[in-house]
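In: pasting the sequence and the predicted model now:
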Amino acid sequence: MAHVIAVAGKGGVGKTTLCGMLIQYLCEQGKGPILAVDADANSNLNEVLGVKVETTLGDVREEIARAELAKENPIPAGVSKADYAEMRFEDALVEDDDFDLLVMGRTQGKGCYCYVNGLLQTQLAKYQNNYPYFVVDNEAGMEHISRGVLPSMQTAILVSDCSRRGVQAVGRIAELIRECDMHPDTVGLIINRAPKGELNKGIQEEIANQGLTLLGVVPQDETVYEYDCEGRPTSTLPEDNPVKVALRAIVDKLNL
């Protein structure tokens, strides 16, 4: 069974960048193959990892859910909806050397997707037996895990920038994890983009107020900003980049 690592935080705090670096580091440590799951509606984990995505699971869900209403049914004659769904889900799996990537995507249309979501849940359960690790880049609400579409998680990494609002946001996510009875082995906080890699007293107090466990602090870094502006995968940052160094130290402490 895969060890599921969920990464979450409010938008704009750099969680996808850190998630991509986490995947890269696990691969470098021989922990692969990793299944990376981009479960954020604003999907861009593939850009951080430097891979191209043609089809998202949201595309497949919508295609199948609307098949019976379409003038031309995309499902070939003699093929069941379940078999067709499994085939198309496999088409959405992007394969790389040490990791594979699934992008959940968003569903745009109206209507009930319960049947297709059930097929997706079954497919992901199959994948769980093929990978030692799932790394899931979530939106703040962690919808796919809280609804049971993704497997229950063992490690929850909450990411905030160096602001009270960011820390309060991940505090609410930690509360959601408790309310959903997910019971991960580890729930911890990473503060990202901290000036000089340091926390001021106010942020330290807010972390304590939220009852969060601080895993570590990642410094603000201009090179990461430049890579993002230029569209370069941050997974290709130099080995001595301070963001990479700080994140790897945090991962080492987690003993994943």
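Out: Sure, I can see it.

In: can you pull the contacts of residue 254?
Out: Shown in contact with residue 254 (C-beta atoms under 8 Å, 6 or more residues apart in numbering): 155, 186, 188, 215. From N, CA and C alone the C-beta is placed, and that goes for glycine too.

In: I'd say residue 210 and residue 165 touch.
Out: No. Assessed by C-beta atoms under 8 Å, residue 210 is found out of contact with residue 165, at 11.6 Å.

In: what's the residue closest to the geometric middle of the protein?
Out: In the chain, the C-alpha nearest the mean C-alpha coordinate belongs to residue 137, at 1.1 Å (C-alpha atoms, centre = their mean).

In: packing partners for the helix or strand in which that one is found?
Out: Residue 137 belongs to strand 133-138 when elements are defined using DSSP states H and E. Contacts defined by 3 or more C-beta pairs under 8 Å, 6 or more residues apart in numbering; DSSP states H and E place strand 133-138 against strand 3-8, helix 15-28, strand 34-39, helix 143-146.

In: now, of these, which is deepest in the fold?
Out: strand 34-39 (a mean of 26; mean count of other C-beta atoms under 10 Å).

In: now that strand: mean pLDDT?
Out: For strand 34-39, mean pLDDT rounds to 93.

In: average pLDDT for the helix or strand just after that strand?
Out: Note on strand 34-39: by DSSP H and E, the next helix or strand toward the C-terminus is helix 45-49. Helix 45-49 shows an average pLDDT of 93 in the prediction.

In: so how far is whichever helix or strand comes after helix 45-49 off the chain centroid?
Out: Remark: after helix 45-49, the chain's next helix or strand is helix 57-65, criterion DSSP H and E. Chain-centre distance of helix 57-65: 20 Å, with C-alpha atoms, centre = their mean, to the nearest Å.

In: dump helix 57-65 to PDB, restricted to CA.
Out: The C-alpha coordinates for helix 57-65 follow below in PDB (Å, rounded to 0.1, in the frame of the first residue of the first chain):
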ATOM      1  CA  LEU A  57      -9.200  13.100 -15.000                       C
ATOM      2  CA  GLY A  58     -11.700  15.900 -15.000                       C
ATOM      3  CA  ASP A  59     -11.800  15.700 -18.800                       C
ATOM      4  CA  VAL A  60     -12.400  12.000 -18.600                       C
ATOM      5  CA  ARG A  61     -15.100  12.300 -16.000                       C
ATOM      6  CA  GLU A  62     -17.000  14.900 -18.000                       C
ATOM      7  CA  GLU A  63     -16.600  12.900 -21.200                       C
ATOM      8  CA  ILE A  64     -18.100   9.800 -19.700                       C
ATOM      9  CA  ALA A  65     -20.800  11.500 -17.700                       C
END
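
In: ok and that helix relative to strand 34-39, angle-wise?
Out: On the basis of axes from the mean of the first three to the mean of the last three C-alpha atoms, to 10 degrees, helix 57-65 is oriented at 70 degrees to strand 34-39.

In: all set now, cheers.
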